[in-house]
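S.K.: quick one, fold the following:
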Amino acid sequence: MTQTCNPRQQGRFIASVLEAAKTAETDLPWARGARRAAMIARRKQNAGKRKTA
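M.R.: Sure, this is the predicted structure:
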């Protein structure tokens, strides 16, 4: 069963989707790589300073 809506409702829906798309930030694959490498470097740097129970 399909739903039908009037053009006014559809227009508001599309406008809200477009507004959300403008504000959304998507991480691109190459951005994640640099951030991940920096995190791993920090983790390796602090590895000797950790105390174990």
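S.K.: let's verify residue 25: helix, strand, or coil?
M.R.: coil (DSSP: H, G, I helix; E, B strand; the rest coil).
S.K.: look up phi and psi at it.
M.R.: phi -120, psi 120 (degrees, to the nearest 10).
S.K.: what about it, distance to residue 31?
M.R.: Distance from residue 25 to residue 31, counting by CB to CB, to the nearest Å: 10 Å. Backbone N, C-alpha and C define where each C-beta goes, glycine included.
S.K.: kindly report the same for residue 19.
M.R.: From residue 19 to residue 31 the distance is 24 Å (CB to CB).
S.K.: likewise for residue 48?
M.R.: 29 Å.
S.K.: looking at those two, which one has more neighbours?
M.R.: residue 31 (10 against 6; other CB atoms under 10 Å).
S.K.: got the CA coordinates for stretch 19-26 in CSV?
M.R.: Extracted in CSV, the C-alpha atoms of stretch 19-26 (Å, rounded to 0.1, in the frame of the first residue of the first chain):
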residue,chain,number,x,y,z
GLU,A,19,18.4,21.8,5.2
ALA,A,20,19.6,18.7,7.1
ALA,A,21,21.9,17.8,4.3
LYS,A,22,23.5,21.3,4.4
THR,A,23,24.3,21.0,8.1
ALA,A,24,25.5,17.4,8.1
GLU,A,25,29.2,16.8,8.1
THR,A,26,30.4,13.5,6.7
